[in-house]
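Asker: Sequence plus the predicted model coming up.
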Amino acid sequence: MLGTIVNAIAIIAGSIAGIILKGGLPERMSQTIMQGVGLCVTLIGLSGALKGMDYLMEIIFFIVIGTIIGEGFNIELRLERLGDNLEKRFSKNGSTFSKGFVTASLLYCVGAMAIMGSLDSGLTGNHETLFAKSILDGIISIVLASTLGIGVAFSAISVFIYQGSITILAGALSSVLTEAVIIQMSATGGLLILGLGLSMVLSAKVKVGNMLPSVLLPIFYHLILQLF
C-alpha cells in the first residue's frame, strides 16, 4: 500500500498548494488554464486508448455494457451527491467543490498508471509506477485545485480506496490478469480519460462516471472465456 499512500499524500499536498495559489489568479486566467489542462488530459486519454486498437471490438463491448450498468446505478449522480455531502461539511463557499471532487477522482482513478501501478504494487511490491504517478497527480492537483478548490484534495480518498483495493486484490486475481486483460483495462480507462478531457475543454457533460464499470469488465469477460 506504500505507493497508494504516497499518491494520496501527493494529491493532498498539491491541492493545498493550488488553493493557496487560487487567490492570485483572475477568473479569466483560471478558465483558460482549466481548458489547457483539459487538452493535456485529452492527450493522456488518447495515448492510452490507442494502445487497445488490437481489441477495438472488445473495448466497444465493454463501454456499451459498462455504461448500461453504470446508468442503472447512476454512478455519476452518486459521486456528485457524495461530493455535495462533503462540501456541506468541509466547504463554506465551494460551489465547485463537487465538480472538483468528481473530476479529480475520475482523472486519477481510471488511467493506465492507476491500474498498472496498483497491480505492480500488489503482485511484485514494486511501487515505482505509483511514485511516478504521485508526481504527476501532485502537479495536476495544483492546477485543478487552483480553479476548482478544496474538492480536489478529497479525491485522495477515492484514490486510496480504488488503488488500494486493486493492490490488495491483485494477488487473488493474478491468474486472470493476463497481458491482454491489462491492455484492455488500460485502453478502456484511457478512453474514459479522453471523455473527461473533452468535458473539461468543451464544457460539455460527458457522464464518465456512469462508464466506470467498463474498466473492470475485461476481468469478467476473460473469466467467462476461461469457464467456457
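Answerer: Thanks, I have the structure now.
Asker: where are the low-confidence patches of the protein?
Answerer: 23-25, 87, 90-95, 111-112 (pLDDT under 70).
Asker: just the helices in it please.
Answerer: Using DSSP state H, the helices of the chain run over residues 2-22, 27-49, 56-73, 75-90, 97-109, 112-124, 128-148, 155-169, 179-202, 213-227.
Asker: I'd like the ones you listed laid out as JSON lines, including mean neighbour count.
Answerer: Where you see a C-beta, it was placed from the backbone N, CA and C, and this is true even at glycine. Shown next, in JSON lines, are those (neighbours: other C-beta atoms under 10 Å):
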{"stretch": "helix 2-22", "mean neighbour count": "20"}
{"stretch": "helix 27-49", "mean neighbour count": "16"}
{"stretch": "helix 56-73", "mean neighbour count": "16"}
{"stretch": "helix 75-90", "mean neighbour count": "16"}
{"stretch": "helix 97-109", "mean neighbour count": "25"}
{"stretch": "helix 112-124", "mean neighbour count": "22"}
{"stretch": "helix 128-148", "mean neighbour count": "22"}
{"stretch": "helix 155-169", "mean neighbour count": "20"}
{"stretch": "helix 179-202", "mean neighbour count": "21"}
{"stretch": "helix 213-227", "mean neighbour count": "17"}
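Asker: isn't Ile150 right up against Thr96?
Answerer: No - using C-beta atoms under 8 Å as the test, Ile150 is too far from Thr96 to be in contact (9.2 Å).
Asker: ok, the two, which is more surrounded?
Answerer: Set Ile150 next to Thr96 and count neighbours by other C-beta atoms under 10 Å: Ile150 wins out with 23 against 18.
Asker: Could you check how far the more buried one is from Val159?
Answerer: 16 Å (C-beta to C-beta, to the nearest Å).
Asker: got the contact list for Gly66?
Answerer: Contacts here follow C-beta atoms under 8 Å, 6 or more residues apart in numbering; on that basis Gly66 touches Thr188, Met211, Leu212, Pro213, Ser214, Val215, Leu216, Leu217.
Asker: now do Ser199
Answerer: Gly38, Lys205, Val206, Val208.
Asker: out of those, which is most surrounded?
Answerer: Val208 (28 neighbours).
Asker: so that one touches Gly197, yeah?
Answerer: No - the criterion here is C-beta under 8 Å, and Val208 misses it with Gly197 at 9.7 Å.
Asker: any idea how far the most centrally placed residue in the chain lies from Leu21?
Answerer: In the chain, the C-alpha nearest the mean C-alpha coordinate belongs to Cys109, at 2.7 Å (C-alpha atoms, centre = their mean). To Leu21, Cys109 is 24 Å away according to C-beta to C-beta.
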